[in-house]
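> Give me coordinates for this.
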Amino acid sequence: MMNGIAFLAMAGTAATQIVDKQIVPVDEIWKQITALSWLQAVLAVSFGVVYQLYGWRIYRVLVVICFGLVGMFIGIQLGVKMQNPIWGGIFGLVVLAAASMPLMRWCVCILGAGAGGLMTGGLWYAFGLPQIYIWSGAAVGVVAGGMISFIVLKAAVMLFTSMGGTIIVVTGALGLLQQYQVHVLQMASDKTDVYQWVHDLKWFLPAALIVPSLLGVYLQNRFIKLSSKWEF
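Numbering: from 1, shown residues only. Now for the predicted structure:
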């Protein structure tokens, strides 16, 4: 009887540990924020705003760049196993970048689905639901984003460009604020407001990603409607 109770207690503890397991790479996100110099952060904000609001005008180029970067990452990982990560990265970049051009519509749909998954996964994280199941929350957005992308290609373009630009803008803005608090206000790097927001407030990163992304989609839609009236 005692052995059975002890077994159930151990099983319950193990289940709790699994449910509470950290899945969202907060530390990696923080590294990307703090790795930026002030100049890089300013450039990131500047480019990100253009990406967020006018990405629909250059979405073909952005799709090629996105898939090229994915190919480079995959190529580097494969190249490490073959002890030649540089050439592996170059090969992967060229292959996926070249493949994305004739398959542009499919690539846009994939990016739209990915943006939808990132959005619903962020909501899952923001509401403090078990991170071990965050993939199920993200899957809802992937399916919804993929379906919308196949039906209305313009929606996919606006969604992934707005979200991509928002990610760059938020990273650069948080990097600038972190540097200001560390170098001007002389605060410890792990005591700044930015550090507390990123690590302690689960709703902060999803809100910083989703709200500006939706605003960007709205503004892009407005700009597209008015584009025929612009003079060049």
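
> check contacts around the residue nearest the centre of the chain.
The centroid of the chain falls nearest to I167 when counting by CA atoms, centre = their mean (5.9 Å). For I167, the contacting residues are G48, L209, by CB atoms under 8 Å, 6 or more residues apart in numbering. The C-beta positions use only the backbone N, C-alpha and C, and glycine is treated the same way.

> Report the rounded mean pLDDT for the helix or strand hosting it.
Secondary structure assigned from DSSP states H and E places I167 in helix 153-179. If you average the pLDDT over helix 153-179, you get 93.

> For it, what is the distance to the chain centroid?
8 Å (CA atoms, centre = their mean, to the nearest Å).

> buried residues in it?
153, 155-179 (16 or more other CB atoms under 10 Å).

> Surely Q22 and Q131 touch.
Yes. The criterion here is CB atoms under 8 Å, and Q22 meets it with Q131 at 6.3 Å.

> neighbour count winner among those two?
Between Q22 and Q131, Q131 has the larger neighbour count (other CB atoms under 10 Å), namely 18 against 9.

> what angle do the strand or helix carrying V211 and helix 153-179 make?
According to DSSP H and E, V211 maps onto helix 204-226. The directions of helix 204-226 and helix 153-179 differ by 130 degrees, with axes from the mean of the first three to the mean of the last three CA atoms, to 10 degrees as the criterion.

> Quick one: mean pLDDT over helix 204-226.
On average, helix 204-226 scores 90.

> rewinding a little: I'd like the next helix or strand past the helix holding I167.
Next element after helix 153-179 (DSSP H and E): helix 193-200.

> Pull the residues that contact that next one.
For helix 193-200, using CB under 8 Å, 6+ apart, the contacting residues are V26, I29, W30, I33, L174, L177, Q178, Q181, S189, F204, L205.

> Among those, which one sits closest to K225?
Nearest to K225 out of the contacts of helix 193-200 is L205 (CB to CB; 31.3 Å).

> Spatially nearest residue to that closest one, not counting backbone neighbours?
V198 (6.5 Å; CB to CB, 6 or more residues apart in numbering).

> Please report the distance of that neighbour from T120.
20 Å (CB to CB, to the nearest Å).

> picking that back up, tell me what angle the helix holding I167 forms with helix 193-200.
Using the same axes, to 10 degrees: helix 153-179 against helix 193-200 is 120 degrees.

> And stretch 196-205, end to end?
For stretch 196-205, the first and last residues are 11 Å from each other (CA to CA, to the nearest Å).

> Actually, stretch 73-92.
So stretch 73-92: terminal residues 7 Å apart, CA to CA.

> Where does the prediction get shaky in the chain?
Within the chain, the stretches with pLDDT under 70 are 1-20, 227-232.

> Check the offset of stretch 51-68 from the chain's centre.
15 Å.
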